[in-house]
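Student: with the sequence up front, the predicted model follows.
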Amino acid sequence: MKKRVIASILAAAMVMSSLAACGNNDSAAASGSSVSGTSSASSESGSSEGSGVITDNFANVDTNGTTVTFWHSMGGVNGEAMDYLVNKFNEENTDGITVEAVYQGEYDDTINKLKSAQIGNMGADLVQIYDLGTRFMIDSGWIIPMQEMIDADGYDISQIEPNVAAYYTTKDGNMYSMPFNSSTPLLYYNKDMFEAAGITEVPASLPEIAEIGDALMNQGGAQEVLAISIYGWYFEQFLCKQGLEMVDNGNGREEAATKVVFDENGGALNILNAWYDLYEQGYAPNVGRSGSDTATTDFTSGKAAMMLGSTASLKQVLEDSGGNFEVGTAYYPAVSPDDQGGVSIGGASLWALNNNDEKQAAATWKFIKFLISPESQAYWNAQTGYFPIVTAAQDEQVFKDNIAQYPQFQTALDQLHDSAPEYAGALLSVFPESRQIVETQIEDMLNGNVTPEEAVTNMADEINKTIEEYNLVNG
């Protein structure tokens with residue numbers, strides 16, 4: 001398996017070298033930016049293979065004197081919170097474990113450095129990988145499936161938010177990584193503009209946004225109705241809201257996908273028609289791709305009445321708006337008022353690397369368990385805005401104080417709980433390339449170069465070609 005994935009990396013670097021990277025300042029807050037020239041696919045699910053490392057109950061493994069190397073991608077304020085947790089673990093654990101945390105740069109940098117390290121037969125014990133890399137990591141042959149660690153410790157997995165755990169769990173019921181920093185998209189809105197326009201009900205779908213567009217511009221004082229970045233993650237969320245799959249083979253969860261299905265089930269065309277309608281009426285101008293951050297600036301400056309953004313952006317939005325208006329939060333809008341789907345999470349998870357050492361694995365698990373403890377998760381939530389991934393974190397005073405200070409975040413929790421595991425979204429080995437293709441076609445549509453129908457056809461053809469090339473290399 002490992003040789004096939006390495007071959008995939010090298011081959012796809014040539015195949016995809018023409019794709020430009022799409023910078024994304026929201027990647028850490030949402031679901032990660034695109035990878036340029038990086039491959040991550042396999043035609044095998046890898047779901048039935050164990051690591052061969054864990055042979056004992058973790059309770060019987062002596063971890064004294066063990067050093068765990070942890071690679072992560074949390075910089076800035078998030079990095080400070082990560083450092084606090086690592087230092088706390090090092091000071092308080094009684095198992096003789098020392099964690100060495102190493103910041104590896106953005107998500108793209110981390111996964112690319114991991115691939116280089118594995119080719120050179122080096123690596124960390126634990127690595128934080130964004131959601132786009134999930135299928136690649138499952139197929140890589142480099143990991144200890146998290147389910148093995150959970151079973152070895154007898155950990156009660158019901159403690160984890162089910163709609164968060166679902167993303168990292170395949171159809172065979174195995175969890176392959178541990179969710180850590182998770183988020184979903186929200187609709188942010190300017191309550192002052194809504195009040196001035198006499199609007200008392202927040203729109204729940206894209207057509208409903210169009211219905212209140214004139215009032216927000218004429219009476220509310222908005223220059224833009226909706227600031228929506230061209231972002232592949234939003235496209236994927238709109239599919240989830242429709243309850244429709246993106247790719248075949250159970251949305252890539254039964255085994256690796258072989259083609260997209262959003263063209264066959266009508267989901268993509270529904271999205272693009274609704275998006276283009278808002279654009280054509282002047283309610284949702286082209287503000288560029290997500291990396292430009294124009295949408296956020298338009299909203300926080302008071303130019304746009306609404307925007308789409310990650311739950312993990314909440315504190316930054318509140319800070320940037322400077323109290324000049326009251327920020328409201330609502331569920332991510334549906335494509336049609338009749339849609340009954342939910343949302344998928346973004347963010348990143350923790351992957352245990354197989355270093356053929358049960359002592360290292362046991363020490364790594366103890367650190368993971370500390371990071372997902374209610375106390376750690378309540379702190380992490382308060383400092384970063386990401387979801388606490390264990391339900392008991394909501395009983396911590398730190399969490400309660402944070403919700404009292406930022407009541408808008410309750411919307412994110414309610415939306416998460418109102419969704420369901422079947423809307424967890426797709427797993428796709430070529431997700432980074434897929435997002436670039438989707439974003440390019442949406443941009444071309446808004447620029448008048450292609451119709452919505454042509455954009456969907458182009459998306460499907462290009463992504464299918466990328467999937468086929470990957471699966472051919474790994475067949």
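Tutor: Structure's in. What do you need? Residues are numbered from 1 along each chain as shown.
Student: any idea how far the helix ranked longest in the chain is from the chain center?
Tutor: Longest helix of the chain, by residue count under DSSP state H: helix 452-473. Centre-to-centre, helix 452-473 and its host chain are 22 Å apart (C-alpha atoms, centre = their mean, to the nearest Å).
Student: buried stuff in it?
Tutor: Residues of helix 452-473 classed as buried: 452, 455-460, 462-464, 466-467, 469-471, 473 (neighbour count, 16 or more other C-beta atoms under 10 Å). The way it works is simple: take the backbone N, C-alpha and C, and place the C-beta from them, glycine included.
Student: quick one: which two of the residues you listed are the most distant?
Tutor: Comparing all pairs in the buried residues of helix 452-473 by C-beta to C-beta, the longest separation belongs to Pro452 and Val473, at 32.4 Å.
Student: outline the domain layout of the chain.
Tutor: Taking automatic domain parsing as the domain assignment, the record places the domains of the chain at 2-183+345-423, 185-344+433-460.
Student: the stretch 301-450 of the chain: strands as residue ranges?
Tutor: Assigned by DSSP state E, counting those that start in this stretch, the stretch 301-450 of the chain shows strands spanning 304-310, 327-331, 346-353.
Student: got those as JSON lines, with mean neighbour count and mean pLDDT columns?
Tutor: As requested, these are exported to JSON lines (neighbours: other C-beta atoms under 10 Å; pLDDT from 0 to 100):
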{"stretch": "strand 304-310", "mean neighbour count": "28", "mean pLDDT": "97"}
{"stretch": "strand 327-331", "mean neighbour count": "20", "mean pLDDT": "97"}
{"stretch": "strand 346-353", "mean neighbour count": "27", "mean pLDDT": "96"}
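Student: between these, which gets nearest to Phe409?
Tutor: Distances from Phe409 to each of the strands of the stretch 301-450 of the chain were compared using C-beta to C-beta; the shortest belongs to strand 327-331, at 7.6 Å.
Student: packing partners for the closest one?
Tutor: Here strand 327-331 touches strand 185-190, helix 191-196, helix 314-321, helix 409-418, going by 3 or more C-beta pairs under 8 Å, 6 or more residues apart in numbering; DSSP states H and E.
Student: please identify the most buried of these.
Tutor: Sort those by mean neighbour count, taking mean count of other C-beta atoms under 10 Å, and strand 185-190 sits at the top with a mean of 27.
Student: for the residue positioned nearest the centre of the chain, name its beta-bridge partners.
Tutor: Nearest to the mean C-alpha position of the chain, counting by C-alpha atoms, centre = their mean, stands Gly346 at 1.7 Å. Residues found in beta-bridge contact with Gly346 (criterion: DSSP bridges) are Ser183.
Student: tell me where the model's unsure across the protein.
Tutor: Counting by pLDDT under 70, the ranges of the chain that qualify are 1-49, 120-122, 475.
Student: what's stretch 323-334 in contact with?
Tutor: Outside of stretch 323-334, the residues that reach it under the criterion C-beta atoms under 8 Å, 6 or more residues apart in numbering are 184-194, 202-206, 208-209, 237-238, 241-242, 302, 308, 314, 317-318, 321, 341, 343, 408-409, 411-412, 414-415, 418.
Student: I figured Ala204 hits Pro337, correct?
Tutor: Yes: Ala204 is within contact range of Pro337, at 6.8 Å (criterion: C-beta atoms under 8 Å).
Student: and Asn90, how far from Asp83?
Tutor: The span separating Asn90 from Asp83 equals 11 Å under the rule C-beta to C-beta, to the nearest Å.
Student: let me see the ranges of the helices in the stretch 251-400 of the chain.
Tutor: Remark: helices assigned in the stretch 251-400 of the chain by DSSP state H, counting those that start in this stretch are 267-280, 294-300, 314-321, 358-371, 374-384, 397-405.
Student: closest to Gly96 out of those helices?
Tutor: If you check each of the helices of the stretch 251-400 of the chain against Gly96 by C-beta to C-beta, helix 358-371 wins as the nearest, at 8.5 Å.
Student: sorry, back to before: who has more neighbours out of Ala204 and Pro337?
Tutor: For Ala204 versus Pro337, the count of surrounding residues by other C-beta atoms under 10 Å is larger for Ala204: 17 against 12.
Student: now the phi/psi pair for that one, please.
Tutor: Main-chain torsions, Ala204, degrees, to the nearest 10: phi -110, psi 0.
Student: OK, contacts around it?
Tutor: Shown in contact with Ala204 (C-beta under 8 Å, 6+ apart): 330-331, 333-334, 337.
Student: which one of the residues you listed is nearest Trp142?
Tutor: Minimum separation from Trp142 among the contacts of Ala204 (C-beta to C-beta) is found for Tyr331, which lies at 37.2 Å.
Student: list the buried residues in stretch 218-233.
Tutor: By neighbour count, with 16+ other C-beta under 10 Å as the criterion, the buried positions of stretch 218-233 are 220, 222, 224-233.
Student: which non-adjacent residue is nearest Gln410?
Tutor: With sequence-adjacent residues excluded and distances taken as C-beta to C-beta, 6 or more residues apart in numbering, Gln410 is closest to Ile403, at 6.0 Å.
Student: and that neighbour, how far from Glu396?
Tutor: As defined by C-beta to C-beta, Ile403 lies at a distance of 11 Å from Glu396.
Student: next: Thr411.
Tutor: With distances taken as C-beta to C-beta, Thr411 is found 20 Å from Glu396.
Student: same check, this time on Gly79
Tutor: Here Gly79 is placed at a distance of 22 Å from Glu396 (C-beta to C-beta).
Student: repeat that for Glu236.
Tutor: 32 Å.
Student: higher neighbour count, these two?
Tutor: With neighbours defined as other C-beta under 10 Å, Glu236 and Glu396 compare such that Glu236 has more, 26 against 20.
Student: would that one count as being in a helix?
Tutor: Yes: Glu236 sits within a helix when classified using DSSP: H, G, I helix; E, B strand; the rest coil.
Student: contacts only, for it.
Tutor: When the contact criterion is C-beta under 8 Å, 6+ apart, the partners of Glu236 are 246, 344, 425-426.
Student: how about Ile150, what does it touch?
Tutor: Residues in contact with Ile150 (C-beta under 8 Å, 6+ apart) are 157, 175.
Student: hang on, Thr184 packs against Leu416?
Tutor: Yes: taking C-beta under 8 Å as the contact criterion, Thr184 and Leu416 are neighbours in contact, 6.1 Å apart.
Student: overlap of the contact sets of the two?
Tutor: In terms of C-beta under 8 Å, 6+ apart, Thr184 and Leu416 are both contacted by the residues 343, 345, 387.
Student: which of those residues lies closest to Gln147?
Tutor: Relative to Gln147, the closest of the shared contacts of Thr184 and Leu416 is Ile345; by C-beta to C-beta it sits at 18.6 Å.
Student: many thanks, have a good one.
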